[in-house]
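1. Sharing a model prediction with you, sequence too.
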Amino acid sequence: MSNLRLDWCSYDAAKYAVMNWHYSETMPSGKLIKIGVWEDENFIGTVIYSRGGAPNIAEPYGMDQTEVCELTRVALNDHNAPVTQILSISRKLLTSKCPGLRLVVSYADPEQDHEGTIYQADNWHYERQLDGRDYIKINGKTWHPRSLNAKYGTSSISKLKSEFGPDSVERVPVDGKHKYLYPLDDDLRPKVKDMAQPYP
């Protein structure tokens with residue numbers, strides 16, 4: 001049985017994991033909680049929490065912005081420990097560093113054939129599927145505009161066409177992401193449970 005350890009890690013270590021083991025290949029921006037994952041003292045990935053891409057992440061729940069965060073990346077190489085165990089330990093580290101947090105939000109991207117299996121296995125609550133929007137496809141790979149801004153400094157179609165070629169870039173409509181919630185305190189759990197929909 002492997003010896004699993006989670007601890008704080010550097011930005012560079014988290015970035016290495018994201019660039020090599022996460023489909024987005026982009027680091028989230030802003031203030032990040034970066035947790036490294038080791039098995040038998042081998043670095044195998046990162047779990048990253050952040051304020052998220054939504055400027056009013058807490059508003060739908062009538063909460064303060066400091067009470068809600070987003071599970072932004074789970075970037076893991078081959079591993080033996082269940083992802084649910086890794087997420088459980090990461091939440092303990094998260095709440096030890098940010099004791100005022102009450103709710104974690106995360107998303108599963110249907111464009112990546114993700115329905116949120118790891119969240120379902122980890123007993124998250126399914127809120128809903130977001131409205132669809134336009135993404136940008138470059139040389140066959142579909143990108144969220146925010147990821148393009150982080151990686152290339154722009155999500156402008158014209159600028160990307162000048163960079164990659166006029167036939168290499170196109171705007172494509174995509175299905176909205178699946179949104180999941182994980183309450184961190186007992187008082188919030190009934191409210192979140194009442195909002196929950198059946199898993200997709």
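-> Noted; the coordinates are in hand.
2. Select the longest helix from the chain.
-> When the chain is parsed with DSSP state H, its longest helix is helix 83-97.
3. how distant is that helix from the center of its chain?
-> Centroid separation between helix 83-97 and its chain, computed with CA atoms, centre = their mean, to the nearest Å, is 14 Å.
4. So for that helix, mean pLDDT?
-> Mean pLDDT, helix 83-97: 97.
5. Contacts for it, please.
-> 4, 6-8, 33, 35, 37, 47, 49, 69, 71, 74, 76, 79, 101, 104, 118, 121-122, 182, 184 (CB atoms under 8 Å, 6 or more residues apart in numbering). The way it works is simple: take the backbone N, C-alpha and C, and place the C-beta from them, glycine included.
6. quick one: which helix or strand includes the residue nearest the centre of the chain?
-> Residue closest to the mean C-alpha point of the chain, counted by CA atoms, centre = their mean, is residue 72 at 2.5 Å. In this structure, residue 72 sits in strand 68-76 according to DSSP states H and E.
7. which helices and strands does that strand pack with?
-> Helices and strands touching strand 68-76, by 3 or more CB pairs under 8 Å, 6 or more residues apart in numbering; DSSP states H and E, are helix 11-21, strand 32-39, strand 42-50, helix 83-97, strand 103-108.
8. In a markdown table: those, plus mean neighbour count.
-> What follows is these, written out as a markdown table (neighbours: other CB atoms under 10 Å):
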| stretch | mean neighbour count |
| --- | --- |
| helix 11-21 | 17 |
| strand 32-39 | 20 |
| strand 42-50 | 22 |
| helix 83-97 | 16 |
| strand 103-108 | 21 |
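9. Cool, thanks, signing off.
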